[in-house]
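**Q** got a predicted structure here, sequence first:
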Amino acid sequence: MSILVVGSVALDTVKTPAGERVDALGGSATYFSVAARNFTPVSLVAVVGNDFPKQHINMLKKHKVDLDGLEIADGKTFRWSGVYSGDLNDRTTLSTDLNVFAAFEPKLPDNYKKTPFLFLANIDPTLQLNVLKQVKKPKLTACDTMNLWIENKQEELRKLLKSIDIFFLNEPEAKMLTGRGNLFKAAQEIIKMGPKRVIIKKGEHGAILFSSNSVFCLPAYLLDDVVDPTGAGDTFAGGFMGYLAKAGKVTDAVLRNAIAYGTVMATFTVEGFSLDKLAKVTQSDINKRFNNFKKLVSF
Ligand code: AMP
């Protein structure tokens, strides 16, 4: 089954101990789409400015991401800039320039409105709500967010969460949203806000899936060379949702495999800057890493 994703398509300026990239391709919807396309058809809803390099459009087309919902507006593309700590565990946002996203009012093409799977990638919750309203009874709705929106748009975010089946957020965000230091309590509180399931990402320590009556944890895949963690969370969500949409059903076994595929896809993103590695991944790379990961976590 296919997935509709709305989120950012961006030009990122990123500094890590491995080096620096200026105006490299990024954005939550970009990482998500390219990861999910390894499993299932994906349609993308976003806006870029007329400064957006054609080579990035070509790359998305090469991956057969449906771009009918990608608007090219007069103005500058969304830009984000960040710097990582020496051990890559902390990231400081230096700037966020919404640019063409500030006035973006998506009008979904008619064939997008019947999408079975909807993913609202990290972007202003007002925009996430706007897209959600236009879609007719999706089979599954999931979303991501970030600290900026928890701080500045919490009311809209909480409204959105009432209609969400699976909510992705990272550990500090879960604590920030609930004011709870204990992750188990934070997750249960988030489930009371609406989502049936919550996935809490713990960076290099893996991810935990909570429902009201079950918990499943997976560690991250150990890598010997991490270059740039930007987009890891969006790629994780792309692998997860892509696998789920391909399976077409939501059972405990499918969810567990989906977390493993999300984890595996994220490893390709962090091994390079931007989508350098992710965009070149083959089915055989994915299968090889999935099988290694299985060995790593079974006992
Ligand atoms: P992640 O590392 O998974 O948190 O995702 C990083 C990506 O999110 C980058 O490529 C940024 O362009 C994008 N991003 C950063 N801040 C925002 C924001 N406020 N809204 C939407 N996308 C953002």
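**A** Nice, I can see it.
**Q** report pLDDT for the residue of the stretch 51-200 of the chain at minimum distance from the ligand.
**A** Going by Cβ to the nearest ligand atom, the ligand is nearest to residue 80 of the stretch 51-200 of the chain, at 3.8 Å. (C-beta placed from N, C-alpha, C; glycine too.) In this model, residue 80 is scored at 98, pLDDT.
**Q** pretty sure it contacts residue 95?
**A** Yes. At 7.1 Å, residue 80 counts as touching residue 95 under the criterion of Cβ atoms under 8 Å.
**Q** the two: who's more crowded?
**A** Set residue 80 next to residue 95 and count neighbours by other Cβ atoms under 10 Å: residue 80 wins out with 20 against 9.
**Q** which residue sits closest to residue 30, ignoring its sequence neighbours?
**A** Using Cβ to Cβ, 6 or more residues apart in numbering and skipping residues adjacent in sequence, the residue nearest residue 30 is residue 9, 5.1 Å away.
**Q** so where do the strands sit in the stretch 1-150 of the chain?
**A** Under the criterion DSSP state E, counting those that start in this stretch, the stretch 1-150 of the chain carries strands at the ranges 3-6, 10-16, 19-26, 42-49, 66-73, 79-84, 91-97, 117-120, 140-144.
**Q** my guess is the residue nearest to residue 30 meets residue 78, correct?
**A** Yes. In this structure, residue 9 is within contact of residue 78 by Cβ under 8 Å, at 6.9 Å.
**Q** returning to what we had before: residues in contact with the residue of the stretch 51-200 of the chain closest to the ligand?
**A** Residues counted as contacts of residue 80 (Cβ atoms under 8 Å, 6 or more residues apart in numbering) are 8, 10-13, 26, 93, 95-97.
**Q** try residue 145
**A** So residue 145 contacts 122, 125, 157, 167, 169, 173 (Cβ under 8 Å, 6+ apart).
**Q** in this structure the last one contacts residue 149, no?
**A** When you say that, I think you mean residue 173. No. Taking contacts as Cβ under 8 Å, residue 173 lies outside contact range of residue 149: 9.2 Å.
**Q** how many other residues sit next to the nearest residue in space to residue 174 that is not next to it in sequence?
**A** When the adjacent residues along the chain are set aside, residue 174 lies closest to residue 186, with 4.5 Å between them (Cβ to Cβ, 6+ apart). By the criterion of other Cβ under 10 Å, residue 186 has 23 neighbours.
**Q** OK, contacts around residue 186?
**A** Residues near residue 186 by Cβ under 8 Å, 6+ apart: 174-175, 177-178, 180, 200.
**Q** next one: residue 202
**A** Per Cβ under 8 Å, 6+ apart, neighbours of residue 202: 170-171, 208, 220.
**Q** same check on residue 217?
**A** 206-209.
**Q** so what strands line up beside the helix or strand containing it?
**A** Element membership for residue 217, per DSSP states H and E: strand 215-218. Sheet pairing of strand 215-218 (DSSP bridges) gives strand 207-210 (antiparallel).
**Q** distance from the partner strand to the middle of the chain?
**A** Taking Cα atoms, centre = their mean, to the nearest Å, one finds the center of strand 207-210 at 15 Å from the center of the full chain.
**Q** could you do stretch 79-90 as well?
**A** Counting by Cα atoms, centre = their mean, stretch 79-90 comes out at 17 Å from the chain centroid.
**Q** could you work out the end-to-end span of that stretch for me?
**A** The first and final residues of stretch 79-90 sit 20 Å from each other (Cα to Cα, to the nearest Å).
**Q** max-length helix in the protein?
**A** When the chain is parsed with DSSP state H, its longest helix is helix 252-270.
**Q** now the angle from the helix or strand following it to helix 252-270?
**A** Sequence-wise, the next helix or strand downstream of helix 252-270 (DSSP H and E) is helix 283-297. Interaxial angle, helix 283-297 versus helix 252-270 (axes from the mean of the first three to the mean of the last three Cα atoms, to 10 degrees): 110 degrees.
**Q** could I get the buried residue list for helix 283-297?
**A** Residues 286, 289-290, 293 are the ones in helix 283-297 that count as buried (16 or more other Cβ atoms under 10 Å).
**Q** what of stretch 237-252?
**A** Neighbour count says stretch 237-252 has 237-247 buried, by 16+ other Cβ under 10 Å.
**Q** just give the nearest non-adjacent residue to the closest residue to the ligand within the stretch 101-250 of the chain, would you?
**A** Using Cβ to the nearest ligand atom, the closest approach of the stretch 101-250 of the chain to the ligand is made by residue 233 at 3.1 Å. In space, residue 233 comes closest to residue 201 once its chain neighbours are excluded; the distance is 5.5 Å by Cβ to Cβ, 6+ apart.
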